[in-house]
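Participant: got a sequence here, can you model it:
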Amino acid sequence: MKAKPIMIQGVASSVGKSWIVAGLCRIFKQDGYKVAPFKSQNMALNSFITRDGLEMGRAQVVQAEAAGLLPDVRMNPVLLKPTTDRNSQVIVRGRVYGNMSAVEYHAFKPQLAGMIHEVYQTLAAENEIIVIEGAGSPAEINLRDKDIVNMGMAEMADAPVLLVGDIDRGGVFAALAGTMLWLTQNERRRVQGTIINKFRGDAAILQPGLTMLEERIQIPTLGVVPYLPLNIEDEDSLTERFTRHQSLSAKVEIAVIKLPHISNFTDFNVFENIEDVNIHYAETESQLEKADLIILPGTKNTIEDLEYLRTTGLESAIIRKHRQGVEIFGICGGYQMLGKAITDPYRVESSREETAGMGLLNVATVMEQEKTTTQSSGEVCEDIGFLGGLKRTRLAGYEIHMGVTTCLDGTVPFIRLSDQSGEDRGGGVCNMQGNVFGTYLHGIFDNLQFTLGLINNIRRRKGFDPVQGGPMDYQAFKESQYDLLAEHLRKNLNLKRIYHIMETWRT
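Facilitator: The predicted model follows:
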C-alpha cells in the first residue's frame, strides 16, 4: 500500500491551511480511509511531546487527532522554533539539532531533503491517503532553489496541489492569480484547484469574480468556505485569540501575559469553554486591573521576555496584583520567571550568566544544554489556598524545557508527577500562602476536574455559586469540533472533484 497524496498550499501564512488539512483528514477518516497528515517543515512555538518523548508541531497533532491517529513525529520531521527575529532552534525528527540563523538554515535545507523524503515514504507506506500541508507561500521565489516544504515537497511526494486563499484579509483574487504567476510551468501543472477560505456574506456575489479568476488562471475553484467560529487549536502567533473580545459580564477574568516569544498558548484554549469565564492576552498594565488570575505562559526565550516585562512595567504590575490577592500561575518559562534567579552558564538564552527573577516563588533555575521532553502524569498532592478541595485530582500533560528548577525553603510541592518510565518528576510548587504557583506541565488545564475546581474557588471567593457539572471531557469536545469542521467542508468543497484529482493524478 502506498498512499495517494493531496497537498494544501496557501497564498500566504495564516490563510487556514492547517484547518483545511485537519478537516480533510476527518472527512477521509469518516469515509473509511486510513489517512495521515504531513508537514515537512513547520515554524511554530506551539509544540507537543509524543509518547516516545519527541517534539513536533501542534498543528500536526490537531490533524492527527482529526485523522484518528496518535501524534507521530514523522508527520512533522522538521520543526523550527524562533528564538529571535533571525535565529531559530532547529528540531529534526523530534530532537534538537542546534540553533541556526536564517542564512545558515537555508544552506542546511538540502541536507534535510533526503531525510524528509525517506520519512514521508514510510508514512505513505502505512496509509491510503496523505494530506500534506505547505508553509507560507510557494511564491517565495527567493527560497525556491532549496524548497523542502511547498513545491519542492509536492515534487518529492508527486502530489497534486490545492491552493488556498483567505478572502477575510482582502485581495484574494490578486493573491491567487499572483501566486500562479510566480510558479514555473511544471509547478502550475500541479495546481489542480483553488479554495477561497473565511468568506463572510452571500457567496453569489462572488460568482463573477470566480468566473474571471478561472478564466485568468485556467484552474477551477473547488469551494468557497464560509468563516466558521470553531474552537480548534491555532498554530502560531497570528491567532485571532490574542485580539478576540469576549463578554464583559463574565464572573471570572483570566489574564494571560502576551510575551513576545509566547509558546504553547494552546494551554489556555479550554478556558473558552467554561461558563462565565473571560480569558484575554494582556500587553499593558491596564489589562490586568480586573484579573482574578494572572498566568505567565511558556516562552522560547525566558530571559529576554523577563526583561520585556521589566521595561514595559508589566512585572511591577503583576507583583502589585499579587499583593492585592490575585493568584499568579506560571507554566514552564513563566514558572522560571517567578523564581529568585535564572542562571545560564552555557549562554543558552542570554549573554549574562545570571538574571534576577521576579521573586514570587523561592526557586532557582539553571539553563541546561539538553532539552527535557517527556509526557508526565500524576496528581495534586496539597489542599492549599487556590487549590482548596483538589487534593488527589489526577493530572496529565507534557514537559518541554531547557531549565532545571530547584525548590528552596518556603515552597510547597502541589503536584507530584512521574514520566512514562515511572521516574518521579516533582511537578510544581506554590508559596506558603497558596496564591503563587509554578509548574512545567503543559496541558495542565486540559484536566477539566482540576481547572473547574480552580475556577469555582475563584467564584466562591467573589461570592458566586460554583459552576455545576462543567463542560464535557475536553478530548470529547475537540472531537466534536473536528466533526463540525468536516461537516462544514463537506457542504462547501467539491469533494467529488478532490477525490477524482487524487485518483487520476499523474505527473
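
Participant: residue 356 against residue 341, yeah?
Facilitator: Yes. Counting by Cβ atoms under 8 Å, residue 341 is a contact partner of residue 356 at 5.8 Å. Where you see a C-beta, it was placed from the backbone N, CA and C, and this is true even at glycine.

Participant: what sits in contact with each of those two?
Facilitator: Residues touching both residue 356 and residue 341 (Cβ atoms under 8 Å, 6 or more residues apart in numbering): there are none.

Participant: tell me which of these two has more neighbours.
Facilitator: Legend: neighbour count by other Cβ atoms under 10 Å for residue 356 and residue 341, higher for residue 341 (14 against 11).

Participant: per-residue confidence at that one?
Facilitator: Note on residue 341: pLDDT of 96.

Participant: can you check residue 295 too?
Facilitator: 98.

Participant: for residue 332, see how far away residue 267 is.
Facilitator: Using Cβ to Cβ, to the nearest Å, residue 267 is found at 9 Å from residue 332.

Participant: so which of those two has more stuff around it?
Facilitator: Ranked by neighbour count (other Cβ under 10 Å), residue 267 and residue 332 place residue 332 first, with 27 against 23.

Participant: what sits against residue 360?
Facilitator: Applying Cβ under 8 Å, 6+ apart, we find residue 360 in contact with 318, 319, 322, 328, 338, 339, 431, 436.

Participant: please repeat the previous calculation with a cut-off of 10 Å.
Facilitator: 296, 315, 318-319, 322, 328, 330, 337-340, 431, 435-438 (Cβ atoms under 10 Å, 6 or more residues apart in numbering).

Participant: tell me the one among those residues nearest to residue 105.
Facilitator: residue 337 (28.4 Å; Cβ to Cβ).

Participant: list the residues that contact residue 338.
Facilitator: Going by Cβ under 10 Å, 6+ apart, residue 338 touches 296, 306, 318, 322, 328-330, 357-363, 365, 405, 429, 431, 436-438.

Participant: can you rerun that using 6 Å?
Facilitator: Listed by Cβ atoms under 6 Å, 6 or more residues apart in numbering, the contact partners of residue 338 are 330, 358, 360, 361, 438.

Participant: the third one sits in which helix or strand?
Facilitator: Take DSSP states H and E as the rule and residue 360 turns out to sit in neither a helix nor a strand.

Participant: distance of it from residue 272?
Facilitator: Residue 360 is 27 Å from residue 272, by Cβ to Cβ.

Participant: just the second one next, same as before
Facilitator: Note on residue 358: its distance to residue 272, by Cβ to Cβ, is 27 Å.

Participant: more neighbours: which of these two?
Facilitator: Shown here are residue 358 and residue 272; by other Cβ under 10 Å, residue 358 has more neighbours (23 against 14).

Participant: closest to residue 389 among the contacts of residue 338?
Facilitator: Residue 389 has its nearest neighbour among the contacts of residue 338 in residue 438, at 20.6 Å by Cβ to Cβ.

Participant: neighbours of residue 367, how many?
Facilitator: By other Cβ under 10 Å, 22 other residues sit near residue 367.

Participant: the chain should start at 795 in everything you say after this.
Facilitator: Sure, I'll start counting at 795 from here, so that last one is residue 1161.

Participant: I figured residue 1126 hits residue 1197, correct?
Facilitator: No. Applying Cβ atoms under 6 Å as the test, residue 1126 and residue 1197 come out as separate, 8.6 Å apart.

Participant: quick one: common contacting residues for the two?
Facilitator: Joint contacts of residue 1126 and residue 1197 (Cβ under 6 Å, 6+ apart) do not exist.
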